[in-house]
Structure formats: C-alpha cells, structure tokens
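Asker: Got a sequence here, can you model it:
(4 chains)
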There are 2 protein chains.
Amino acid sequence: MDSSPRTRPPATLASLAAELGISRTTVSNAYNRPDQLSPQLRMRVMEAARRLGYPGPDPVARSLRTRKAGAVGLLLTDQVSYAFRDPAAVAFLEGLTLECDRARVGLLLVPARPDAEDVAAVSRAAVDGFIVYSMPDDDPHLEAALARPVPAVICDQPGLSGADLVGIDDAGAMRQVADHLIGLGHRRIGVVCMRLGRAVMDGAVTLARQHAARYHVQRNRLAGLEAAFTEAGVAWDRVPVVERFEHSVAAGASATAEVLSMDPGITAVIATSDVYALGAVEELTRRHQRVPEDVSVTGFDGVKAALDAGITTVAQPVVDKGRQAGRLLLEPGRRAQGRELVLPTTFMPGRTTAPPRL
Amino acid sequence: MDSSPRTRPPATLASLAAELGISRTTVSNAYNRPDQLSPQLRMRVMEAARRLGYPGPDPVARSLRTRKAGAVGLLLTDQVSYAFRDPAAVAFLEGLTLECDRARVGLLLVPARPDAEDVAAVSRAAVDGFIVYSMPDDDPHLEAALARPVPAVICDQPGLSGADLVGIDDAGAMRQVADHLIGLGHRRIGVVCMRLGRAVMDGAVTLARQHAARYHVQRNRLAGLEAAFTEAGVAWDRVPVVERFEHSVAAGASATAEVLSMDPGITAVIATSDVYALGAVEELTRRHQRVPEDVSVTGFDGVKAALDAGITTVAQPVVDKGRQAGRLLLEPGRRAQGRELVLPTTFMPGRTTAPPRL
DNA sequence: TTGTATGCGTTATCAA
DNA sequence: TTGATAACGCATACAA
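Answerer: Numbers count the residues shown, from 1 in each chain, chains lettered A, B, ... in the order given. Model (predicted):
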C-alpha cells in the first residue's frame, strides 16, 4: 500500500531496468533505438514505464553523456524583454528561429542585464553555441560567451576573436543617407543615435565619445556621417549629436527635441534607427514643423512601421541577418571559424526628405 | 612540446585539481563559493584554469548534479519563427521574459512543428518547467510537456491536467463585441476565425466543426458570438464562418473575400483577431466598400496596429498574460498546481463600427 | 580551510 | 537481440 508514486523516489532508467530484470542498455534502446529491440520487449518496457511513472530519459543526463545540449544560446544587448519591443530585434529573431526550427534545436534566451557584471547565466547556459546580437565589444557577457568551448556567431560587431561574424556595411550605408541629404542641399543637420556605451548616458555626444563608442554599429554609422559631411565641407565637430540609452519612439522624440535646442536652425534630423526617426517625426509634428518641408528626417533599418510611414531610410535584411547567423552556427559541415558575412543594404528614399527650406 | 591545448583532452574540474594537487571540492568552491577559500588559493586555481584552458564548470554536468536547468521551456502553437510575426505572441513573450529576467532564468524556445508527431524536442528539453502558449488541447507536444516531471502553465487553454492556467473570458469578451453590433442593428454578419484544428484547413466552417474545435480560444470566441446572435434572433447556422490556418493580414483579407462570396449582403465582418480585422479592412477597401459606412469590422486582442487603425476590438492584457504565466511558474513559494487566472479584458469601440446601411 | 566518498541518470563500447 | 562496464563532469554531505 505504499507504492504510490509520491512516496517512492522517482523512477529512473536503472530502476525501471531492475524492475523488469533487464539491463539499462535495453531500456535506453527502447527509447532511443526502437529497432534494436523486439517489439514485445519494447512494449513491456513502455508499459512498465507508464506503470512506474517513468517520464523517459532525463534530458540533462542525456546531454551530459552525449555532449549535446540541443540548443543554441542567444545573447542580447539588454534584458531579454527589451528585444521584444524592438522591431528590428524581433525580425532578427524570426530569421534566427527559422534556422533553429529547421535544425530542430532550441533557442535559449539567456538572461543578461547590461549593467550587471553577473555573467553566471552565460557560463551556466546549456548550449552548443552562442549567437551574440549587437553587443558592445567590451561587454563581459560577450567575453564569457567566447570563453566557452562552443562556437559563436557575432552579429553587428567586429571580430574580436575566432568567432564568425554577420553584419552590414554600416558606415557605407550611412554614407548613402548623408550623400542623399548633401545632394539635396542640407548642410546644417542634427543626429540622434543610440547608446554608445554600457553605462546609461543621455545627451550631447562629444567627438571623443563618438570615436570611442563601444557599440561598433553606432560608431560606424556616425563615422559614415562624419566622413561624408566633412567632405562636403561641414564642420563635424559643430554638428549636434545626441545619444539616448533607451531605444524607443519616445526616446527618439526627446533626443530630437534636444538636438533642436542645440541648433534650432537645422534642416535635417538624421537618426541611426527607424524607431528614432519615427520619434523625430513625432516631435517635429508636435512643434508644427512640417516634414520634409521644414525639416527632413532619415532613419535606418527599414522596419515595417517606418516604411509604412514613408521614412527615408536604409533597409537592411534584418530577417536574413538572423537566418545567416543561425546558418553559420548550425551548418553541419562548417568548421571555418573566422568567417565574415557582410549583408547588402538598400537605400530607400522616402517622403521625409526634401531640399532644405530657404 | 605536446602540451598544446588541442592535443590534450579538454580540462575538467578533476584534471585541474590534479594539476594543482588539490581536491576537486576546492576547485569547485573556487567557482561557486569563493568565500570558502583563501583568496590566494583561489587565485592559483583561476590562474591554472586559464593556463590549462579550463572554461569553468560544465553547465550540463552541474545541472545534472543540482537538478536545476536554470531555464523554462516555451511551447508554441507553431514553428517558433511564426511567433515573431504575430504581434500578440510578441507581446506575450515580452511579458514572459520580463519575469524570466527577474528570476534570472533562461527561456528556451522549443522547436515544435504542429504537423509533426515528433515530440522529441519537448522530451529532451532541459528545463525546470513549461509554458504552453495557445495550443490545441489534442496536441501531442502538450501531452509530452505534461508528461514531464516539471510544472507547467498553460495559456489560453482549458485545464486538462494539474497545470496552472492563465487566460481570459473569451466567450464573454466576444459577447460584448456581438452585443455592440447587435445594438447597432446588425443582423447579417460574417465571421473570420483562426485555425480550429491542427490540420491545415481553409474555408467555410460547419457548425459541427465550430463546436468540436480543438483550439479552445477560437471555440469559445465563436461560442460567445453564437450565444449572443442566437439570442438576438439570428439563425447562427446560416452565418458564414470562414477559417484560415495562417494568421496573417493576407489570410484575413482572403477569408473576408470568402465570407463576402458566401453572403454579399452582410453588414459586418467579425474577426477573431486584430490581424484578421486589419485584413478585412484591407479587402473591403479594395472592393471600394467603406468601413464602417458600408460594412462594419471588429477585431480581437488590442494590438497596437489595430488600435492605431481605430479598429473596434477587445483589448486583452497580452503583456500581462505573459508576466502572469511566468510568475505562476517561477514564483518561489507556489506549489499550488491547478490555479486558474482569468485576466480582464476591455471592449474598445473604434471607428470601424457603425449602424448598418439601410 | 581543505579533502573524501558518493551519486546525479544516462549512453557508448564492446562482448555475449 | 541483449547485457556488463565504464565513463560523462560535477556538487555536496561529512569528516578532518
């Protein structure tokens, strides 16, 4: 009367084998190699399993033995939940999971706060590889991932190590935006960019900070702008550049307000993301400035909301970026660490840019 | 000259201890209980680790020993990648990851195709619990998850077992939509709903199929409509109900077209999701039917795009649903399997409903 | 502060 | 077709 499953220790492969008077191998085979077993014995095993409440081989023990976790880890810039508010990150995830689905491996979203030095979650993640999405190059989480004896693919960052890389030509793409504006006649501009370092920092950005930015993507986009405008005779160190830590429409709006307060005479706001560009339009509209008649606005990424809004932007293949990252990591034959994949971008002139007002 | 790390078997806790002439416990402590160790010994350990290329305790082995995976699994209706195309699912994920971040556990997106009977990924997932999001009640993946000896929280489905539940009153919420339309005078309507079973099936839905739907949410929403309209004197079995397997704006549009072909005289299209409602508006506009002057349209969910478009809908707390699910699973003190959480919804009259044209 | 002994639950290898 | 044996790499109770 004490055979109730709750008082008994949980059944294991071994206890099941003992119960049936067969070897553990046979039980294991019943689950993993059904053809190595007579059907009737297999039936007996499965039936005993149900009777004893044996839930099947323990995944962790199996992983230990097979040295395969069956999952890849994803490291994000920020708290995982932030990613779901960022349309570009969502698109990246879509592409990445496309490949994970195909390869039948799970995707582990690793919890990592940008501020915390607590890297334990990265060290303890049971994964066969890492995808690192848009992290600053001095992030301890990145370091911890690279220290693990598993392959890694880094997105939107330079190659710090033997990891594979996926990215775009940020400087070149941003240059197209700059040349477009320069061609229209804009010389007095303002820039809204995303965080340049791990510490929370909102406000005007010095030249030194621009050049020392740890977020490769932002640094390169700014560099593209600087090169183009400098060539066009604009004194880059006079151009107001405002940084926001948060990546949201509201942050883009407030940064735009700050840019305008630094130079009310600008004829164009260049945002390093579409989300910010949408915020810029919002802020300008609130101030009864017409876009593009009074002020032009540009974005970056090519997310749906921005394209719908007609924002002049650079479309990057966000979904494909995720796919390629996943493919690089999961492709069976590959052992070529150190590959670098530069995806193409497309400049998309929209309805938010026009010649400056006189 | 053969001490190169690649020819030597990978370092382990044991080999490191042997190298240093200390016990494994001490090495383990160096990583997990730094205070149990003299700082200088710890330094020695860490230094030797670096020298030998020891990457720190193996996560899987540790998990096996501690009986903790440090992650929860998420099971979705469909391929993981689909979730990132569905705004409601993305919002749910945002809420869920909020709680995961807080509890510092990872979220494992378990690969599962709805068609495949291949449930191995669920059985092999190294997780401490499952969140099941919007699955039909006959899905083998669901069964596999419930068979695992870990807690589970089910969203948007009835309690089949000892799992916790999070959901809304789908029937009641849909009834509000129906009563709103009935109050406006609508009697001749058409319905666009999501998949009702696991098999791909597009087209008109019989009454029997409505009642036998394995997707609890859809079944209840349809039931709410049936009850309200039947009470209002409408013969429900004459109401065109069209099902789509895909959940996309395009599918909503095509389903709307099919509804209109079944009864060109309808004055309102009721969609069971906002995504479909957006498709309905699209299709009607294409046909030069004005919304709501010619035809009214309603949605469900309250996603941003729909609210922005002024769709009359029911807002459900999508983000909070994810949070609550996570909380139920992760809350430390809880061992109360069988809890049921019904979240509130808000009817949101918009600009897509009006009295029917005469 | 450090070490010893044991077990976590499985699968690979090889032999029967 | 089945079984015996030996890892897989670690953490923890307990002893020293």
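
Asker: Relative to A:Gly56, how far out is the residue of chain A found nearest DNA strand C?
Answerer: Closest to DNA strand C within chain A is A:Leu13: 2.7 Å, counting by Cβ to the nearest atom of the strand. C-beta here means a position set from N, CA and C on the backbone, and glycine is covered the same way. Between A:Leu13 and A:Gly56 the computed distance is 9 Å (Cβ to Cβ, to the nearest Å).

Asker: on that earlier part again, report the separation between the residue of chain A closest to DNA strand C and B:Asp118.
Answerer: A:Leu13 is 22 Å from B:Asp118, by Cβ to Cβ.

Asker: now A:Arg113
Answerer: For A:Arg113 relative to B:Asp118 (Cβ to Cβ), the value is 36 Å.

Asker: Which one's more surrounded, A:Leu13 and B:Asp118?
Answerer: Remark: of A:Leu13 and B:Asp118, A:Leu13 carries more neighbours, 21 against 14, as counted by other Cβ atoms under 10 Å in any protein chain shown.

Asker: Now for A:Gly338, how many residues are close by?
Answerer: A:Gly338, neighbours per other Cβ under 10 Å, totals 10.

Asker: where's the closest residue to it other than its chain neighbours, which helix or strand?
Answerer: The shortest distance from A:Gly338 to any non-neighbouring residue, by Cβ to Cβ, 6 or more residues apart in numbering or on different chains, is to A:Gly162 (5.7 Å). Assigned by DSSP states H and E, A:Gly162 falls within no helix or strand.

Asker: Count residues in the vicinity of A:Gly162, would you?
Answerer: Counted with other Cβ under 10 Å, residues neighbouring A:Gly162 total 10.

Asker: Might one say that it is in contact with A:Arg339?
Answerer: No - using Cβ atoms under 8 Å, A:Gly162 makes no contact with A:Arg339, being 10.3 Å away.

Asker: Mind listing the shared neighbours of the two?
Answerer: Residues touching both A:Gly162 and A:Arg339 (Cβ atoms under 8 Å, 6 or more residues apart in numbering or on different chains): none.

Asker: so A:Thr12 touches A:Asp58, yeah?
Answerer: Yes - counting by Cβ under 8 Å, A:Thr12 touches A:Asp58, with 7.5 Å between them.

Asker: higher neighbour count, these two?
Answerer: Each of A:Thr12 and A:Asp58 has its neighbours counted (other Cβ under 10 Å); A:Asp58 has more, 20 against 17.

Asker: Now for the more buried one: which residues touch it?
Answerer: With contact set as Cβ under 8 Å, 6+ apart, A:Asp58 has these partners: A:Thr12, B:Leu64.

Asker: Repeat that for A:Gly350.
Answerer: Neighbouring residues of A:Gly350 by Cβ under 8 Å, 6+ apart: A:Leu307, A:Ala309, A:Gly310, A:Ile311, A:Thr312, A:Thr313.

Asker: mind redoing it with 10 Å?
Answerer: Taking Cβ atoms under 10 Å, 6 or more residues apart in numbering or on different chains as the criterion, A:Gly350 is in contact with A:277, A:292, A:296-299, A:306-307, A:309-313.

Asker: Closest to chain B out of those?
Answerer: Checking these against chain B with Cβ to the nearest Cβ, the nearest one is A:Ala309 at 11.1 Å.

Asker: Not including adjacent chain positions, what is the nearest residue to the closest one?
Answerer: A:Leu278 (6.4 Å).

Asker: What is the neighbour count of the one you found?
Answerer: Close neighbours of A:Leu278, defined as other Cβ under 10 Å, add up to 23.

Asker: related to what we said a few turns ago, which ones among the contacts of A:Gly350 map onto helices?
Answerer: Among those, the ones falling in helices (DSSP state H) are A:Ala277, A:Ala306, A:Leu307.

Asker: quick one: the first one and A:Val269 touch, right?
Answerer: Yes - using Cβ atoms under 10 Å as the test, A:Ala277 is close enough to A:Val269 to be in contact (7.8 Å).

Asker: that older thread, name all residues that make contact with the residue nearest to A:Gly338.
Answerer: Going by Cβ under 10 Å, 6+ apart, A:Gly162 touches A:Leu146, A:Pro151, A:Ala152, A:Gln337, A:Gly338.

Asker: so A:Val132 sits in a helix?
Answerer: No - using DSSP: H, G, I helix; E, B strand; the rest coil, the assignment for A:Val132 is strand, not a helix.

Asker: Okay, and the beta partners of it?
Answerer: Here A:Val132 sits in beta bridges with A:Leu75, A:Ile154, going by DSSP bridges.

Asker: Quick check: the residue of the stretch 151-300 of chain A at minimum distance from DNA strand D vs B:Gly167, distance?
Answerer: The stretch 151-300 of chain A approaches DNA strand D most closely through A:Pro151 (16.9 Å), counting by Cβ to the nearest atom of the strand. From A:Pro151 across to B:Gly167, the span is 40 Å (Cβ to Cβ).

Asker: Same drill for the two, tell me which one is more crowded.
Answerer: It is B:Gly167, of A:Pro151 and B:Gly167, that has more neighbours when counted by other Cβ under 10 Å, with 23 against 19.
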